[in-house]
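S.K.: Have a look; sequence and predicted model below, questions after that.
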Amino acid sequence: MQKLNDQLGREIDYLRISITDRCNLRCRYCMPAEGVENKDHQDILSYEEILKIVETGIKLGIKKVRITGGEPLVRLGVEDFISDLNRLQLDDISMTSNAVLISEKAQQLKKAGLDRINISLDTLKPEKFKKITRRDNLAEVLNGISAALNAGLDPVKLNVVVMRGVNDDELFDFVELSRKKNLSIRFIEYMPLGGEAEAEKFISTKEIKELISEKYQLLPAVSKGSGPAVYFKIEGASGKLGFISALSEHFCSSCNRLRLTADGKFKPCLASNQEVKITGINEKEIIAAYRQALKIKPACHNLNFEQQDYSRNMSQIGG
């Protein structure tokens, strides 16, 4: 069966799967304070339907999946779903989470077959966390990070969206955290994808590196995964530092992924409104949707702060 190569010859072997559009935080750059209108239960793919889509994708060359949301752990049965995914012999099963609910689930997730996890955390300060997320859950998140490490999820990556005037004063704190704990801490450029997208908060990877380099020497490093981060570490550190330059340095030429939304649509690009609805769950219909998504996968995204007419917020896409 012909593999998944798009119009530019990029091989697509990675599927990001949003299993819910619901979230237990309200991060300012991700969604409005009142949240977003949730899909009805009948409009969300069942786990059985998602498994069929993944099984078909494996025949076409999908090797890795990432479970996302909203917040994936707010959906019941996620451990059993990962166990079912694990039986499909994928090369890698990962998850992106805000870690609020990880403490009670980390061991089960690892046992079910989850290999690694990305945790979103933009600040280490309780009051600032409350301001950014509109919730007071920093203690649960920090406990969740420890639980993920203790469960043997490897690597545990922290995704830090760097915002000028908000958390750029904590760069050294996160660097020091990489010294103390075996975490891959990734500094991500602030992106205009729903919520409060303000251009003055943008700070480039180049500037972030320059600020860190005033105090630390960045040594080249590598980390497991298939994403766009470029990794470094500081001498004597247990963990690593990664940099993701979504705006200042496009990495679209090496993009190897499709996204599956919770309501059953393939999204070929994070920053595009183009989507392909999967019209049924027999293999022929699923293959047709995969192929159509490849046909409309753009050469490059057009993220910018001037034009923000996205049909979904980041929370509804899954990152």
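M.R.: Now that the structure is in, tell me what you want to look at.
S.K.: Pull the contacting residues for residue 126.
M.R.: Residue 126 is in contact with 136, 138-139, counting by C-beta atoms under 8 Å, 6 or more residues apart in numbering. Where you see a C-beta, it was placed from the backbone N, CA and C, and this is true even at glycine.
S.K.: could those be laid out in a markdown table, adding pLDDT and secondary structure?
M.R.: As requested, those are exported to a markdown table (pLDDT from 0 to 100; DSSP: H, G, I helix; E, B strand; the rest coil):
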| residue | pLDDT | secondary structure |
| --- | --- | --- |
| 136 | 97 | coil |
| 138 | 98 | helix |
| 139 | 98 | helix |
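S.K.: could you flag which of the residues you listed are buried?
M.R.: For the contacts of residue 126, a neighbour count by 16 or more other C-beta atoms under 10 Å gives the buried set as residue 138.
S.K.: So which of the contacts of residue 126 is the closest to residue 187?
M.R.: Distances from residue 187 to the contacts of residue 126, taken as C-beta to C-beta, are shortest for residue 138 (18.9 Å).
S.K.: Hmm, the closest one is touching residue 132, no?
M.R.: No - under the criterion of C-beta atoms under 8 Å, residue 138 makes no contact with residue 132, lying 9.9 Å away.
S.K.: so what's in contact with these two at the same time?
M.R.: When contacts are counted by C-beta under 8 Å, 6+ apart, the set common to residue 138 and residue 132 consists of residue 123.
S.K.: Report the distance from stretch 118-133 to the chain centre.
M.R.: 16 Å (C-alpha atoms, centre = their mean, to the nearest Å).
S.K.: what is the rounded mean pLDDT of it?
M.R.: Predicted confidence along stretch 118-133 averages 97 (mean pLDDT).
S.K.: Output that stretch as CSV, nothing but the C-alphas.
M.R.: Extracted in CSV, the C-alpha atoms of stretch 118-133 (Å, rounded to 0.1, in the frame of the first residue of the first chain):
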residue,chain,number,x,y,z
ASN,A,118,5.1,16.6,27.3
ILE,A,119,3.8,18.8,30.1
SER,A,120,2.8,22.4,29.6
LEU,A,121,4.1,24.7,32.3
ASP,A,122,4.9,28.4,31.7
THR,A,123,5.8,29.5,35.2
LEU,A,124,7.1,28.1,38.6
LYS,A,125,5.4,30.9,40.6
PRO,A,126,2.0,30.2,42.1
GLU,A,127,0.5,33.7,41.5
LYS,A,128,1.7,33.9,38.0
PHE,A,129,0.4,30.4,37.3
LYS,A,130,-3.0,31.5,38.5
LYS,A,131,-2.8,34.6,36.2
ILE,A,132,-1.8,32.7,33.1
THR,A,133,-4.1,29.7,33.5
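S.K.: No more questions from me, cheers.
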